[in-house]
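S.K.: 3D model of this:
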Amino acid sequence: MSLGYIFKEAMAGLSRARLASFTSIFSLFIAVLLLGVLARISYNGYEVAQSLKKSIDVEVFLMDLDERTTDELENKLQSEDLIQEVNYISKDSAAAIFKREFGKGGGSLAELNFLPASFRLEIDPDTKVTKVDSLVQQIQDFRGVDEVRFNQQLLQMMESRFRTVATVGGGLGLLILLAAVILVFNTIRLTIYAKKGLIKAMKLVGATNAFIRRPFVIEGVIQGLVAGIFAVGVMYLSFQYVLPSYVPQFGVLEWPFGRWYYLCGAMVLLAIFMGFWGSQWAARKFIKETSISE
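M.R.: Here you go, the predicted model:
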């Protein structure tokens with residue numbers, strides 16, 4: 001079968017059921033656009049959450065230790081897989097930090113040198129709160145450790161919120177995808193019914209189901225391609241020019257992985273796949289059911 005014939009028949013199918021084709025393309029456009037917006041916002045939300053997690057340090061306050069014991073404890077902390085970096089803060093450094101943060105009012109207190117030495121630990125931001133808590137309990141039992149502090153409640157809240165957003169967003173995305181694919185399915189079904197007589201005639205002269213099916217599948221792919229291109233265009237213009245003029249915060253949203261073409265390419269490919277899937281599903285089902293004897 002020539003590519004010219006396949007493409008010609010696919011375009012003819014689009015023109016025969018114009019309203020259904022428009023509805024299908026528009027639904028795919030809305031679905032892919034919403035998923036693209038959701039992906040971009042979710043990516044930035046994830047980046048913010050990771051940044052906040054990096055700023056949450058575990059502080060290990062020490063008893064009065066000699067230099068050798070302090071070095072041994074530092075080496076022990078550095079050997080832990082979850083700890084990315086260990087920073088030692090001496091008593092003098094702690095007093096200087098206290099004085100800098102509290103100004104003149106804290107200068108006299110800082111001179112008392114009452115603040116203990118400590119280690120500030122940077123934890124792998126992908127680590128779950130339960131593992132951090134387990135690590136804290138383990139460090140608490142190390143010799144020479146007086147107290148360990150970290151903001152467990154903030155981490156738990158961040159994990160809970162992000163998990164909720166991911167679950168709701170994923171569920172919404174699946175519903176949107178399913179609705180769009182069903183609309184493509186119905187559009188191709190209408191096109192097949194409109195060409196029912198031609199399909200019977202083709203079967204009478206020996207055409208296979210696969211031969212008959214190809215133009216309908218290409219029709220779905222074209223619908224997906226058009227919807228994907230329009231969705232990418234609308235999202236790009238909205239985030240680059242329209243939305244920042246009303247809400248400046250939208251202007252600082254990053255593209256996933258730092259480049260526009262990753263998300264835009266994924267949106268177009270997703271739209272094409274959805275069009276292909278819906279049309280393939282309909283073509284297989286209804287062309288097979290079209291009997292010559294009917």
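S.K.: state the phi and psi torsions of K196.
M.R.: Note on K196: its backbone torsions stand at phi -60, psi -40 [degrees, to the nearest 10].
S.K.: lowest average confidence, helix or strand, in this structure?
M.R.: In the chain, no helix or strand scores lower on mean pLDDT, DSSP states H and E than helix 107-110, which sits at a mean of 47.
S.K.: check which element follows that helix along the chain.
M.R.: Once the chain leaves helix 107-110, the next helix or strand it forms, by DSSP states H and E, is strand 118-123.
S.K.: would you mark the buried spots in that following strand?
M.R.: Residues of strand 118-123 classed as buried: S118, F119, L121, E122, I123 (neighbour count, 16 or more other Cβ atoms under 10 Å). C-beta: built from backbone N, CA, C; applies to glycine.
S.K.: among the residues you listed, which one sits closest to S24?
M.R.: I123 (48.8 Å; Cβ to Cβ).
S.K.: any idea how this structure splits into domains?
M.R.: 3-51+157-289, 57-150 (automatic domain parsing).
S.K.: shouldn't V268 be in contact with L225?
M.R.: Yes: using Cβ atoms under 8 Å, V268 is in contact with L225, at 7.1 Å.
S.K.: just name the most buried of the domains of the chain.
M.R.: Mean neighbour count, computed with mean count of other Cβ atoms under 10 Å, is highest for domain 3-51+157-289 among the domains of the chain, reaching a mean of 17.
S.K.: how far does it sit from the chain's center?
M.R.: Domain 3-51+157-289 sits 18 Å away from the centroid of its parent chain (Cα atoms, centre = their mean, to the nearest Å).
S.K.: what are the boundaries of the strands in the stretch 151-294 of the chain?
M.R.: Using DSSP state E, counting those that start in this stretch, no strands are found in the stretch 151-294 of the chain.
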